[in-house]
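> need coordinates for the below:
(one chain, ligands or ions: 2)
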Amino acid sequence: MLKGWKPEDKSIDKATQEMIRKAEKEGIETIWDRLKAQLPQCGYGQLGVCCRICMQGPCRIDPFGNGPQKGVCGATAETIVARNLVRAIAAGAAGHSDHGRHVVLALKETLEHGAPYPIKDEKKLKDVAKKLGVPVEGRKAEEIAKDLVEIALGDFSKQDEEIIKFADAYANEKRKEVWKKTGVAPRNIDREIVEAMHRTTMGVDHDPLSLVAHGIKTSIADGWGGSLIATEFQDILFGTPKIGKGEANLGVLKEDYVNIVIHGHEPVLSEKIIEAAQDPELIELAKKYGAKGINAVGMCCTGLELLMRHGTPIAGNYLQQELAIVTGAVEAMVVDVQCIMPSLVDVARCFHTKIIDTSSLATFPGAVHVKFDEMRADEIAREIVRIAVENFPNRNKDKVQIPKGKSEAIGGFSVEAILEALGGTLKPLEEAIISGKIRGVVGIVGCNNAKIRHNHNHIVLTDELIKNDILIIGTGCWATACAEHGIFLPEYAEKAGEGLKSVCKALGIPPALNMGSCVDCSRMLVLADLMARDLGVDISDLPLAGSAPEAMTEKAVCIGTYFVASGILTHLGIVPPTVGSVEVTKLLTKDAMNIVGGAFYVEPDPIKAAKTLIDHIESKRKALGI
Ligand code: BF8
Ligand code: SF4
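Ligands and ions are numbered 1, 2, ... in the order given. Sure thing, here's the model as predicted:
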């Protein structure tokens, strides 16, 4: 928990601290005030031993053995914890996978009804098609795309017992063998999520082992299914990211411009807003109102999608969303789905800022509702930008304070961009690993968590690992944190160990690589899989590890689980609500290693965590004889 509740205890970032101070001075409530008001948080909830699944409850298990050891129906702590975990995984998988579905449907709408989402990256389209066994020779892009849409939607709807097509095409044989042997190969993305809900409803599955096994299956349906589909179809529609520059932090907001912050997760919306913000007519209108132009910037994962593909500035990660509004310089914050605080509407009331919700899934009471429709995407995007522009004259200049803090950042490290930088194969990277210049690779994933000093664990863990010659790849709010703290600059390699530094210098890359948004964790899986194929081993044999140092959402629970299910030791920087069950804890942190080749490891201290991850990587090297 945060030490002294001062701005510098809440975040390590100066620009963030400055805005926390401004909020405090102006009496604006932020996430930290609400966390404080919640303390002490419920101990039963923290252990995961409370159950509200049926109306005989709520039930809770006394962790000290002095009170009830069973719920009204007879459920034990083991069952209750396992059920809660599986439901969290299912919710996380649902978020990513429904996002994936939306992207596929946008392409389908384009092919069938002429929605304005043309195929931008034909090469990627063909690469994906080849992987899935779809013929490409002599065929039009639209024909190929139609087949791909059918296969992807099939993975959401097919009723046979076979593994989903995307996981089958993307995962190597060794990994699939492990899944098949363990019975965790997913059959249908939606079905695994529904089955997770069915198994965990009152009076169904009570065995922590079979419950957790289904949780693992559901997570694979996300990582190697829904999320992967989101990434691949987004690349097809909006272009595969290439290495390029961008800027990050609250300082990307501009005093003389109409500022639009695009916040959420789905590029189907944000790509169109970015386009509309460049519309000469709207820029003219902005000038008429006294602004110099329109400054559209990103926030959270949709911001990362834009940063990866266009170098669009990103104003911040999860804990900075309220603070962007506190600058007083935001005309509109446009939101779609996921990780958007309902409190934004309250913060916006203190200023002229309009919160515009756009998704038919997500309505924010008090916001302006402009619901998105793929068929009318361009028109709606322009309408949204117009609302922002027309709001500029309402800005109260006396309330504006934009912190100076921002940093340049190199990003765009899709697997394709990494391969291109390495000359077409992963060989140079693999050789550097084999020679020991790079000891191994750690994939760090998203989130901030109000209970953890903002960005602290991300930066400390990353620094410690690169110092020890470990290359970092990652996504989500971790990526924004690194972008804000200058880690995504090639010169940051100076802080790395000698071996990693020499490789980074030779390639002109930073020691940590931005691979994108949270659904792009699938890029990390693809990279690990390629490496395993090249070296003729399973992913679990590689000197790899994963980490979610500031984990927060159900999506993060799901990502962590599919990392584990992919054979990767995965660190969590926050104690998950599963420790109320000895059996589930043992299963996740020990037994999983023998079953799927990966396990969770919990350690709030990032320095201690780094040491364990390094030891793990060294043990993998030893086993490989390198
Ligand atoms: O999908 S990293 S707080 S913004 S969940 Fe959310 Fe976590 Fe940030 Fe994006 Ni990911
Ligand atoms: Fe209580 Fe069982 Fe109902 Fe859960 S399912 S609330 S443990 S009676």
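> so what does residue 294 have for phi and psi?
Torsion angles at residue 294 (phi, psi; degrees, to the nearest 10) stand at phi -120, psi 130.
> so it is in contact with residue 390, correct?
No - taking contacts as CB atoms under 8 Å, residue 294 lies outside contact range of residue 390: 11.9 Å. C-beta coordinates here come from the backbone N, C-alpha and C atoms, glycine included.
> can you give me the pLDDT of the residue of the stretch 201-350 of the chain found nearest ligand 2?
The nearest approach of the stretch 201-350 of the chain to ligand 2 comes at residue 202, 4.4 Å away (CB to the nearest ligand atom). Note for residue 202: predicted pLDDT of 98.
> what about it, how many residues nearby?
Using other CB atoms under 10 Å, residue 202 has 14 neighbouring residues.
> same deal with residue 169?
17.
> and it, how far from residue 597?
21 Å (CB to CB, to the nearest Å).
> quick one on the thing from earlier: which of residue 294 and residue 390 has more neighbours?
Remark: of residue 294 and residue 390, residue 294 carries more neighbours, 24 against 16, as counted by other CB under 10 Å.
> quickly list what that one is bridged to.
Judged by DSSP bridges, the bridge partners of residue 294 are residue 258.
> picking that back up, if I pick the residue of the stretch 201-350 of the chain closest to ligand 2, what's in contact with it?
With contact set as CB atoms under 8 Å, 6 or more residues apart in numbering, residue 202 has these partners: 53, 54, 73.
> now the second one, what's its secondary structure?
Look at residue 54: counting by DSSP: H, G, I helix; E, B strand; the rest coil, its state is coil.
> pretty sure it is touching residue 73, no?
Yes - using CB under 8 Å, residue 54 is in contact with residue 73, at 7.0 Å.
> coming back round to it: buried ones from the contacts of residue 202, can you make that a PyMOL selection?
Here is the PyMOL selection string for the buried members of those, based on 16 or more other CB atoms under 10 Å:
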select buried, resi 53
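> now, which of the contacts of residue 202 sits nearest residue 587?
Of all these, residue 587 sits closest to residue 53, with 20.3 Å by CB to CB.
> the closest one against residue 201, yeah?
Yes - taking contacts as CB under 8 Å, residue 53 lies within contact range of residue 201: 6.6 Å.
> if we can go back for a sec, can I get the contacts of residue 202 in TSV including pLDDT?
Shown next, in TSV, are those (pLDDT from 0 to 100):
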residue	pLDDT
53	98
54	98
73	98
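> so what pLDDT did the residue nearest to the spatial centre of the chain get?
When CA atoms, centre = their mean is applied to the chain, the residue found nearest the centroid is residue 518 (1.9 Å). Per-residue pLDDT puts residue 518 at 98.
> what does residue 1 give?
According to the prediction, residue 1 has pLDDT 72.
> again with residue 446
Residue 446 is assigned 85 on the pLDDT scale.
> wouldn't it be in contact with residue 476 here?
Yes - at 2.2 Å, residue 446 counts as touching residue 476 under the criterion of CB under 8 Å.
> and the closest residue to ligand 1 within the stretch 501-626 of the chain, what does it touch?
Closest residue of the stretch 501-626 of the chain to ligand 1, CB to the nearest ligand atom: residue 518 (3.1 Å). Contact analysis of residue 518 by CB under 8 Å, 6+ apart lists 96, 227, 265, 301, 445, 446, 475, 476, 555, 556, 559.
> also residue 67?
Here residue 67 is in contact with residue 61 (criterion: CB under 8 Å, 6+ apart).
> point me to the helix or strand that includes it.
Assigned by DSSP states H and E, residue 67 falls within no helix or strand.
> what pLDDT does the model give it?
For residue 67, the model assigns a pLDDT of 96.
> what about it, distance to ligand 1?
Look at residue 67 and ligand 1: by CB to the nearest ligand atom, to the nearest Å, they are 35 Å apart.
> do the same with residue 378
Distance, residue 378 to ligand 1, by CB to the nearest ligand atom: 26 Å.
> would you mind confirming that that residue is in contact with residue 117?
No - in this structure, residue 378 is not within contact of residue 117 by CB under 8 Å, at 10.2 Å.
> next to ligand 2, which bits of the protein? Give me the list.
51-54, 56-59, 71-73, 75, 80, 202 (CB under 6 Å from any ligand atom).
> re earlier: with adjacent residues omitted, what lies nearest to the residue nearest to the centre of the chain?
residue 476 (4.3 Å; CB to CB, 6 or more residues apart in numbering).
> give the contact list for the one you found.
Per CB under 8 Å, 6+ apart, neighbours of residue 476: 301, 304, 317, 445, 446, 447, 517, 518, 521.
> let's see that with 7 Å instead.
Applying CB atoms under 7 Å, 6 or more residues apart in numbering to residue 476 gives the contacts 301, 445, 446, 447, 517, 518.
> try residue 88
So residue 88 contacts 554, 557 (CB under 7 Å, 6+ apart).
> point out where the stretch 1-150 of the chain drops to low pLDDT.
Residue ranges of the stretch 1-150 of the chain with pLDDT under 70: none are present.
> how about 80 then?
1 (pLDDT under 80).
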